[in-house]
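Peer 1: Fold the following for me, if possible:
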Amino acid sequence: MSSHPLKALIEAADRAIGAEDFDALMEFYAEDATLVVKPGLIASGKEQIRRAFVAIAEYFDHSIVVTQGDMQVIEGADTALVVMETVLQTSGKDDMPASITRRATYVFRRDTSGKWLCVIDNSYGTDLLNS
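Peer 2: Prediction:
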């Protein structure tokens with residue numbers, strides 16, 4: 001599924017995270033998007049999501065690099081479910097490993113102009129059930 005347009009979009013968003021280009025990052029989200037910041041904590045809307053990413057960058061001492069592993073995209077009715085491996089690399093902090101691999105789930109919606117926007121960003125995937 002590596003040729004799906006969402007792969008390039010997610011890679012660009014991950015580069016924006018690493019570069020801490022939060023203005024560019026917000027272009028990937030719908031106005032009504034939701035981000036799972038951590039189990040039990042969500043951010044809703046672009047303003048909260050932007051603040052969350054600023055806090056995440058600070059938490060990881062501005063060292064976070066996000067890359068992708070395997071990815072599957074399932075489309076239906078201008079909506080796409082993305083299930084993928086997300087790899088977070090950091091300098092390590094508070095006994096956290098310097099590399100974390102998650103099986104993330106994302107939901108994208110295609111707008112009337114054909115642009116894909118993230119509406120649910122859940123890098124924890126089904127691990128939320130373990131909380």
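
Peer 1: I'd like the average pLDDT over the host helix or strand of Ala57.
Peer 2: Using DSSP states H and E, Ala57 sits within helix 45-59. The predicted model gives helix 45-59 an average pLDDT of 96.

Peer 1: do the same with stretch 104-111
Peer 2: 97.

Peer 1: So what touches the helix holding Ala57?
Peer 2: Helix 45-59 is contacted from outside by 17, 20, 22, 25-26, 29, 31-33, 35, 37, 43, 64, 93, 121, using CB atoms under 8 Å, 6 or more residues apart in numbering. C-beta here means a position set from N, CA and C on the backbone, and glycine is covered the same way.

Peer 1: Repeat the analysis, applying 7 Å as the threshold.
Peer 2: 17, 20, 22, 25-26, 29, 31-33, 35, 37, 43, 64 (CB atoms under 7 Å, 6 or more residues apart in numbering).

Peer 1: for stretch 100-117, same thing?
Peer 2: 5-6, 9, 28-30, 69, 78-88, 118-127.

Peer 1: Filter those down to the buried ones and express that as a ChimeraX selection.
Peer 2: Remark: buried members of those, expressed as a ChimeraX selection using 16 or more other CB atoms under 10 Å:
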select :6,9,28,29,30,80,82,83,84,86,87,88,118,119,120,121,122,123,124,125
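
Peer 1: So which of the contacts of stretch 100-117 sit within strands?
Peer 2: 29-30, 69, 79-88, 118-122 (DSSP state E).

Peer 1: still on that earlier bit, report the angle between the helix holding Ala57 and strand 79-89.
Peer 2: Helix 45-59 runs at 20 degrees relative to strand 79-89, counting by axes from the mean of the first three to the mean of the last three CA atoms, to 10 degrees.

Peer 1: check contacts around Thr90.
Peer 2: Phe60, Ser63, Ile64, Ala98.

Peer 1: That should have said Leu35, apologies.
Peer 2: Leu35 touches Ile42, Ala43, Ile49, Ala52, Asp121, counting by CB under 7 Å, 6+ apart.
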